[in-house]
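**Q** Attaching a predicted model along with its sequence, questions to come.
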Amino acid sequence: MRGKRIGSGAAMLAGALAVTGLALAPTAAAVTPTTATFTASCGFFGGGAATLTATQTGTAATLTLSTTAVKAPLGIGANTINSTLTMVNSTGPNRVFTGTANPAMAVNDPITVGPLNGTVASGDKLDIYNGGLVMVVFGITVTCTATAPQTPPFVYS
C-alpha cells in the first residue's frame with residue numbers, strides 16, 4: 001500500500017512540474033525589428049520617406065505603412081482604403097498583407113494604412129523593395145513602390 005502512495009505522489013508531482021513548465025515556457029519570438037523605413041514612389045500622388053511597423057503572433061502578422069510624403073487629397077473615412085501590401089521574402093515565397101484598416105484622414109493628412117493582415121513563417125526575411133503597396137481609394141488605384149531596399153528588413157522567428 002505504501003508503494004502505491006509514493007507512486008501516486010510522484011505522478012502528481014511530475015504532472016504539476018509539467019504544467020508549471022508549460023506555463024513558464026517562452027512565448028513565440030517576435031519580428032525584429034518592429035519598424036523599418038524606405039523611400040516610396042507613388043507616381044502622380046507623390047513620394048518620399050515612409051515607415052513600416054510590424055507585429056507578429058505566431059504565424060499571424062500585421063504591417064502598418066505610414067508616410068508624411070503622400071497626403072490625403074480628400075477627406076477619407078476610417079477603414080475605407082482597400083490595401084494590398086506585397087513583401088518580397090528572400091527565404092521563400094512573397095508574403096501578402098491585406099485589409100481595409102486605416103484611420104480617418106482629413107485633406108492633406110499624411111497617409112496611413114493598416115494594420116494589414118498576413119501570414120508569415122519562421123525565418124521569413126521581408127522587404128518591400130520589388131514588392132509594393134496597392135491602395136484603392138474612392139475607386140482610384142494608387143500604386144506605391146520602394147525606390148531601394150527598406151532599412152532594415154523584417155526577420156520573423
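**A** Good, I have the coordinates.

**Q** Contact partners for Asp124?
**A** Shown in contact with Asp124 (CB atoms under 8 Å, 6 or more residues apart in numbering): Asn89, Thr91, Gly92, Arg95, Phe154, Val155, Tyr156. In this view, the C-beta of every residue, glycine as well, is placed from N, C-alpha and C.

**Q** Show me how to select, in ChimeraX, the buried members of those.
**A** In ChimeraX syntax, the buried subset of the contacts of Asp124 is picked out as below (16 or more other CB atoms under 10 Å):
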select :89,95,154,155,156
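
**Q** Now tabulate the contacts of Asp124 in CSV and tack on secondary structure.
**A** Output for these, formatted as CSV (DSSP: H, G, I helix; E, B strand; the rest coil):
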residue, secondary structure
Asn89, strand
Thr91, coil
Gly92, coil
Arg95, strand
Phe154, strand
Val155, strand
Tyr156, coil
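
**Q** Now flag whichever of the contacts of Asp124 is closest to Val142.
**A** For the contacts of Asp124, the minimum distance to Val142 (CB to CB) is 20.8 Å, reached by Arg95.

**Q** Identify the residues contacting that closest one.
**A** Per CB under 8 Å, 6+ apart, neighbours of Arg95: Ala61, Thr86, Met87, Asn89, Gly118, Thr119, Val120, Asp124, Leu126.
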